[in-house]
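A.B. asks: the amino acid sequence is not available; the structure is as follows:
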């Protein structure tokens with residue numbers, strides 16, 4: 001029988017040298033070494049200018065979030081008082097046109113802390129974490145805060161400052177001289193105590209304007225040819241340039257949205273007027289026209305909601321803000337906006353097909369680009385209003401199976417509400433929002449959650465995830481991670497829908513269901529199911545990351561070891577067919593002997609790092625495996641069970657070599673992208689109570705928290721990436737803020753650990769002190785079992801084991817927190 005020898009199968013293989021370049025904007029995918037893009041090289045003025053603008057945009061977004069949590073309560077009280085009574089400025093102005101005098105300030109007071117004696121302020125004072133803000137401690141109770149409100153004016157003050165000052169003086173003259181002096185002292189006291197804070201807000205608002213001005217200047221320089229080889233069109237052809245220019249436009253719009261959501265207009269106006277009255281009476285007054293135009297209130301309050309995605313209690317969910325007016329106060333060039341929209345519609349600017357290659361996961365792969373497009377479209381509202389063809393194209397590509405999107409750092413938006421006022425956008429989205437389609441998507445997601453839970457239990461069984469198993473089932477494991485994260489993303493985001501009918505379908509939990517999904521009947525999926533999937537998928541991600549890192553570090557040794565074993569097996573088979581072995585009962589066969597000898601040489605010549613590309617080496621391995629399969633058909637070999645066993649093991653070793661060499665850093669990077677949880681950085685805070693309940697019922701669940709915290713750290717990647725690339729001075733402040741938010745969340749979750757530990761200690765103390773009988777010095781043999789009290793002893797041992805679980809997770813989390821702190825200190 002003719003067989004193919006490995007030596008005769010060596011052939012030239014055409015290789016494609018070009019590979020898809022990873023976008024620098026995706027976490028852990030930035031090229032900063034010698035192979036980085038020419039556009040981002042230090043000598044490229046165009047690239048460095050644009051990178052600096054984008055990094056400033058991320059710094060502005062971080063500063064908005066930081067300062068939104070530090071608004072002095074006096075400004076909140078002044079805005080509340082004016083809104084409650086329909087006055088424009090500190091109780092001394094005219095009623096604003098279109099002001100909502102019935103909501104009592106529900107739109108913004110809940111964002112910035114509590115007041116202690118006023119009932120209305122108590123009801124509205126919910127901060128970003130849903131808890132009472134502590135920044136009232138410096139000014140005392142509500143009455144102490146409200147004493148500053150008479151001289152905190154909004155922009156109506158600018159129409160006639162002398163009249164406002166005169167009215168304030170007249171109101172003081174009506175009182176005693178002592179009261180007059182007290183108010184004058186209050187103004188001086190307020191100016192001294194709040195000068196630095198007012199300067200911070202003024203710097204923030206001016207930085208937003210300056211960002212827009214610098215971006216317009218950059219676009220103008222591109223059009224005039226100041227960057228020589230770069231124009232807007234050529235910039236959009238460069239991989240990194242295309243991503244950066246799209247991000248630059250998106251960040252400006254996101255800054256305006258976040259400013260309007262977290263620093264509402266009535267408070268912005270009073271902050272700016274207070275700055276010019278108390279900090280800057282003589283200087284920089286030329287900027288006041290700019291800041292009044294940028295920060296003027298839109299007079300739009302959050303609408304009332306009947307779903308848990310309540311805008312007044314959930315500041316991480318966006319509401320319609322009249323973005324047309326807001327974005328066109330300081331617009332961007334029309335040509336630039338149109339080019340960016342065209343790029344976002346037609347291109348995949350981040351090219352993450354390796355992370356989500358399936359067409360079913362396209363909307364997840366393009367989710368970040370979709371959120372950018374949602375923001376940028378407000379710069380050109382004619383597309384939303386009057387271009388149904390383009391809107392249908394956008395919806396079909398990005399929003400055919402989703403309508404609640406993530407904008408930035410946990411801020412979400414419901415397109416069914418956001419686009420309701422735009423005819424073209426609403427018509428394009430109506431097909432997605434039909435109740436039958438919503439129910440179909442909900443059921444498909446519920447089934448996917450059930451499938452993922454079954455796969456996770458199988459993979460997380462102890463002893464399954466070995467190095468060999470991961471090498472052999474790499475694609476199945478990655479596909480499981482993809483399905484888990486796609487299911488999680490859809491469910492977490494769409495449980496925040498603002499539409500009551502959609503919410504009734506997606507969040508239908510008429511009865512308490514088991515911790516794992518029951519996919520019969522109405523396919524009810526509650527928060528408990530989401531938490532189960534979240535914890536188990538994060539555990540699988542953590543283990544796979546550890547295994548792939550280990551395989552990356554030792555893949556050369558795996559290659560050498562498998563090659564040596566396979567070559568030695570061929571030598572043994574060659575000697576076996578000599579027929580002169582002591583226990584050998586086969587006849588000598590010179591052909592097989594020479595064939596196995598040549599095969600041993602071929603295997604030994606396989607190089608881990610040689611002149612050949614890995615694909616050529618992989619082809620050689622494939623031919624060797626094929627040759628071993630063909631020789632097994634030879635009659636003399638086919639009758640020998642021992643030889644067939646050797647050949648099967650040799651083929652397994654060769655395949656393991658091929659799979660080991662296929663492991664590269666891109667796989668680890670893809671897992672990082674797949675496991676991104678930045679969209680849920682605010683939503684996961686609502687699951688803390690469920691996590692506590694799981695740990696209380698079963699302390700072994702605490703072992704799942706380590707992977708969950710590692711997954712949660714992915715929310716830190718996007719805000720830091722550009723800041724690190726440009727060595728931005730804003731990196732330190734942004735790092736401190738976002739990491740402190742994460743650490744605070746981790747501590748909130750871990751609060752259950754000491755509570756549970758002490759509860760267990762109480763049980764142990766009760767067993768030892770009250771349940772266990774004292775053991776006398778002498779015990780009769782027939783009574784020994786009674787004194788053993790095996791039930792109590794077993795229970796005590798179980799409680800000890802539960803405490804051990806808590807000890808392990810606390811150690812892991814402590815190491816993780818120290819590592820985060822070290823990294824942040826270093827940056």
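C.D. replies: Structure's in. What do you need? All values reported here derive from a predicted model rather than from experimental measurement.
A.B. asks: contacts only, for residue 548.
C.D. replies: Neighbour list for residue 548: 470, 663, 667, 668, 671 [criterion: C-beta atoms under 8 Å, 6 or more residues apart in numbering]. Every residue, glycine included, has its C-beta placed from N, CA and C.
A.B. asks: quick check on the closest residue to the third one other than its chain neighbours: phi, psi?
C.D. replies: Just to be clear, that refers to residue 667. Distance criterion C-beta to C-beta, 6 or more residues apart in numbering; nearest residue to residue 667, sequence neighbours excluded, is residue 548 at 5.7 Å. With angles defined as degrees, to the nearest 10, residue 548 sits at phi -70, psi -40.
A.B. asks: over to residue 296?
C.D. replies: Phi and psi for residue 296, reported as degrees, to the nearest 10, are phi -60, psi 140.
A.B. asks: the nearest residue in space to it that is not next to it in sequence: how many residues sit nearby?
C.D. replies: Once flanking residues are discounted, residue 296 sits nearest to residue 155: 6.2 Å by C-beta to C-beta, 6+ apart. Neighbour count for residue 155, taken as other C-beta atoms under 10 Å: 23.
A.B. asks: list the contacts of the closest residue to residue 332 other than its chain neighbours.
C.D. replies: Leaving aside its chain neighbours, residue 332 sits nearest to residue 379 (5.7 Å; criterion: C-beta to C-beta, 6+ apart). Going by C-beta under 8 Å, 6+ apart, residue 379 touches 249, 253, 327, 331, 332, 337.
A.B. asks: with residue 618 instead?
C.D. replies: Counting by C-beta under 8 Å, 6+ apart, residue 618 has contacts 658, 661, 662.
A.B. asks: got it, and residue 543?
C.D. replies: 460, 465, 707.
A.B. asks: wait, doesn't residue 206 sit right on residue 291?
C.D. replies: Yes - in this structure, residue 206 is within contact of residue 291 by C-beta atoms under 8 Å, at 6.6 Å.
A.B. asks: give me the more crowded residue out of those two.
C.D. replies: In this view residue 206 and residue 291 are compared by other C-beta under 10 Å, and residue 291 has more residues nearby, 23 against 16.
A.B. asks: I figured the more buried one hits residue 210, correct?
C.D. replies: No - using C-beta under 8 Å, residue 291 is not in contact with residue 210; the gap is 11.2 Å.
A.B. asks: can you map out the strands along the chain?
C.D. replies: 404-408, 411-414 (DSSP state E).
A.B. asks: quick one, which of these is nearest to residue 652?
C.D. replies: strand 404-408 (44.1 Å; C-beta to C-beta).
A.B. asks: and the closest one, what does it pack onto?
C.D. replies: helix 239-262, helix 367-376, strand 411-414, helix 474-494 (3 or more C-beta pairs under 8 Å, 6 or more residues apart in numbering; DSSP states H and E).
A.B. asks: mind running it again at 6 Å?
C.D. replies: Applying 3 or more C-beta pairs under 6 Å, 6 or more residues apart in numbering; DSSP states H and E, one finds that strand 404-408 contacts helix 367-376, strand 411-414.
A.B. asks: pick the most deeply packed of the ones you listed.
C.D. replies: Among the helices and strands packed on strand 404-408, ranked by average contacts under mean count of other C-beta atoms under 10 Å, first place goes to strand 411-414 (a mean of 25).
A.B. asks: residue 643 versus residue 146, what's the distance?
C.D. replies: Separation of residue 146 from residue 643 (C-beta to C-beta, to the nearest Å) stands at 93 Å.
A.B. asks: residue 459 - nearest residue in space that isn't next to it in sequence?
C.D. replies: Per C-beta to C-beta, 6+ apart, closest to residue 459 is residue 540, 5.9 Å.
A.B. asks: tally of neighbours for the one you found?
C.D. replies: The burial count for residue 540: 22, using other C-beta under 10 Å.
A.B. asks: ok, residue 553 next?
C.D. replies: Neighbours around residue 553, by other C-beta under 10 Å: 9.
A.B. asks: do the same with residue 767
C.D. replies: Neighbour tally, residue 767, other C-beta under 10 Å: 17.
A.B. asks: doesn't residue 794 make contact with it?
C.D. replies: No - with contact defined as C-beta atoms under 6 Å, residue 767 does not reach residue 794; the gap is 10.3 Å.
A.B. asks: how about the contacts of residue 618 in JSON lines, adding neighbour count, distance to residue 531 and pLDDT?
C.D. replies: Shown next, in JSON lines, are the contacts of residue 618 (neighbours: other C-beta atoms under 10 Å; distance: C-beta to C-beta, whole Å; pLDDT from 0 to 100):
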{"residue": "658", "neighbour count": "21", "distance to residue 531": "39", "pLDDT": "84"}
{"residue": "661", "neighbour count": "20", "distance to residue 531": "39", "pLDDT": "80"}
{"residue": "662", "neighbour count": "14", "distance to residue 531": "35", "pLDDT": "80"}
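A.B. asks: quick one: which of those sit in helices?
C.D. replies: Among the contacts of residue 618, the members found in helices (DSSP state H) are 658, 661.
A.B. asks: now, which of the contacts of residue 618 sits nearest residue 494?
C.D. replies: residue 662 (36.4 Å).
A.B. asks: residue 559 versus that closest one, what's the distance?
C.D. replies: For residue 662, the distance to residue 559 - C-beta to C-beta - is 11 Å.
A.B. asks: got it, and residue 657?
C.D. replies: With distances taken as C-beta to C-beta, residue 657 is found 5 Å from residue 559.
A.B. asks: and residue 636, by the same measure?
C.D. replies: With C-beta to C-beta as the criterion, residue 636 and residue 559 are 32 Å apart.
A.B. asks: ok, residue 539 next?
C.D. replies: Separation of residue 539 from residue 559 (C-beta to C-beta) stands at 30 Å.
A.B. asks: got it, and residue 354?
C.D. replies: Here the distance between residue 354 and residue 559 works out to 23 Å (C-beta to C-beta).
A.B. asks: neighbour count for the two, which is higher?
C.D. replies: The residue with more neighbours, out of residue 354 and residue 559, is residue 559; 20 against 16, by other C-beta under 10 Å.
A.B. asks: which residues touch that one?
C.D. replies: Applying C-beta atoms under 6 Å, 6 or more residues apart in numbering to residue 559 gives the contacts 608, 657, 660.
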